[in-house]
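Chemist: Next one to model:
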Amino acid sequence: MLTCRPTELLGTSWVLLAGLLVPLQQAAEILEPLTSKVAAVGSPVLLPGLGNITQVYSMQWEYLNGTSSHTILQYYRGSHSPAIHASYTGRAVFHPSNGSLLLEGVQESDSGIYKATVNMGDRESLKILLEVLKPVSRPQLRSSALKAQAAGEVLCEVAEGRVDTITWKKDGQPLPPDRGFLLSSSRSVLYLRSAKKSDCGSYSCNASNGISWEETSLNVTVAGLSPPLQDVLRIAVVAVVFAAVSAGGLIIPICQSEKLRIRGELWRWLSAYTCGLVCIASILAGTAGGLWMREEGPSVAIILPEIALTYIMVVTFLVSTTVTFQPTNLTQLKSKAEEGCTDFMDVTILTVSTAAVSALPLLAIFLCYHTTQGRLKERDTRWADMERSFEMSQRSSKDALSTH
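Modeler: Model (predicted):
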């Protein structure tokens, strides 16, 4: 049978009680109130003490780094100055009247928990969480090339400083938080899944942390036509003008009367020039169709006219070389209208200049034709006058013979 003496039971109880007090003491330290302070890099920071400490025996400031601690200074009542650790000499100033600690020129490495303990035995303490931050730099805004009915994005990036929040605005009005997506702590992207006219405007990106904020704006436009499609439009306009001029060269002679119709050498030049314009217009229209499909993808509505234009190119080239031309049915190119907020491209000057240049040879041919027709008419008139005078002389001769 086991027996225990009272003294042994008392000793065992003290051991158990001490074992219970250690975790309770650690939990109490964890649950101590924690004050937070935020400071900018390079600025001074005042860490408040526990108030009036003129009646206290000692005080200590520590820097806690995880499970380890580093003593900053120790102060004892009656001493002239505190004992400051070598790494804090020249940048730590202690105020004995209230126990506060002033840190000069703090850096990001100074971030952490600072603990002030009064009277080591009583362990009255205060913990302060210090965050040392760099001010955020001005955000950089970039936008992808946006065109109507296509996906695009606006990117906001902050080069320096820890960023806590990034918010977006459009024309000064906040956008819903779900519109912007954080790619990282310093990058946010705003997706425009199907760009349209209402997406045009001024977008602002605001980046902030505990000590600063910066904002940048960018004007975003949605192009109705991309630069390659604008080139397609220019080429198509020139092709249509050439086709219209060549149509004029075909229709005007056909509409003339049989007596005034162009014939001979002028007809050959007119046929060759008109046929050449049709060939060039077909080449330009085919090029515009190819560029269009490269941007928008293959389409039956473009492929079938491309085949027809290829045939027209070959035929008109062969006809122009042999200076024989038969009128062909011409097709007009339909342009695609896109929704956008940019001004539609003005092609008036291009149309007028192309029409003027291409019509000059045609005008020269018709001028030459009318000059020739005037000469022929004058010659015919002269011959008619000669015939009338001859007939009149014949009649007068007959009359004279009849009287005799």
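
Chemist: use CA for all of it now, contacts and neighbours both
Modeler: Fine.

Chemist: Do me a favour and get the end-to-end distance for stretch 139-153?
Modeler: Taking C-alpha to C-alpha, to the nearest Å, the first and last residues of stretch 139-153 lie 16 Å apart.

Chemist: Number the chain from 670, please
Modeler: Sure, I'll start counting at 670 from here, so that last one is stretch 808-822.

Chemist: Next, the buried residues of it.
Modeler: 808-810, 812, 815-818, 821-822 (16 or more other C-alpha atoms under 10 Å).

Chemist: Average pLDDT for it, rounded please.
Modeler: The average pLDDT for stretch 808-822 rounds to 85.

Chemist: And stretch 704-714, by the same measure?
Modeler: Mean pLDDT, computed over stretch 704-714, is 90.

Chemist: what's next to that stretch, contact-wise?
Modeler: For stretch 704-714, contacts defined as C-alpha atoms under 8 Å, 6 or more residues apart in numbering pick out 771-777, 796-804, 879-880.

Chemist: Give me the buried entries from those residues.
Modeler: For these, buried by 16+ other C-alpha under 10 Å: 772-773, 775-776, 796-804, 879.

Chemist: Select, from those, the two members most distant in space.
Modeler: By the measure C-alpha to C-alpha, Lys796 and Pro804 form the most distant pair in these, at 25.1 Å.

Chemist: Phi first, then psi, for Ala761.
Modeler: phi -120, psi 130 (degrees, to the nearest 10).

Chemist: isn't it right next to Leu772, touching?
Modeler: Yes - taking C-alpha atoms under 8 Å as the definition, Ala761 is a contact partner of Leu772 at 4.8 Å.

Chemist: worst-scoring helix or strand of this protein, pLDDT-wise?
Modeler: Least confident element among the helices and strands of the chain, by mean pLDDT, DSSP states H and E: helix 675-699 (a mean of 42).

Chemist: any idea whether Ser738 is helix, strand or coil?
Modeler: Assigned by DSSP: H, G, I helix; E, B strand; the rest coil, the conformation of Ser738 is strand.

Chemist: ok, how many other residues are close to Gly735?
Modeler: Counted with other C-alpha atoms under 10 Å, residues neighbouring Gly735 total 8.

Chemist: Could you report the separation of it from Leu798?
Modeler: Gly735 is 13 Å from Leu798, by C-alpha to C-alpha.

Chemist: do Met1061 as well
Modeler: 132 Å.

Chemist: Export the buried ones among the contacts of stretch 704-714 as CSV, with columns for pLDDT, secondary structure and distance to Ser915.
Modeler: Formatted as CSV, these follow (pLDDT from 0 to 100; DSSP: H, G, I helix; E, B strand; the rest coil; distance: C-alpha to C-alpha, whole Å):
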residue, pLDDT, secondary structure, distance to Ser915
Leu772, 93, strand, 87
Glu773, 93, coil, 85
Val775, 92, coil, 81
Gln776, 91, coil, 79
Lys796, 90, strand, 91
Ile797, 91, strand, 88
Leu798, 93, strand, 84
Leu799, 92, strand, 82
Glu800, 91, strand, 79
Val801, 91, strand, 77
Leu802, 91, strand, 73
Lys803, 90, coil, 71
Pro804, 91, coil, 69
Gly879, 88, coil, 72
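
Chemist: Closest to Cys944 out of the residues you listed?
Modeler: Pro804 (71.4 Å).

Chemist: Wait, that closest one touches Asp833, no?
Modeler: No - Pro804 is beyond contact range of Asp833, at 11.2 Å (criterion: C-alpha under 8 Å).

Chemist: Show me where the stretch 770-919 of the chain has its helices.
Modeler: Here the stretch 770-919 of the chain has its helices, by DSSP state H, counting those that start in this stretch, at 896-924.

Chemist: And the strands in it, which stretches?
Modeler: 781-787, 793-802, 809-812, 821-826, 834-839, 842-843, 849-853, 856-861, 870-877, 882-889 (DSSP state E, counting those that start in this stretch).

Chemist: Can you list the buried residues in the helix or strand encompassing Trp936?
Modeler: Following DSSP states H and E, one finds Trp936 within helix 933-965. Buried residues in helix 933-965, counted by 16+ other C-alpha under 10 Å: 936-961.

Chemist: Many thanks, we can stop here.
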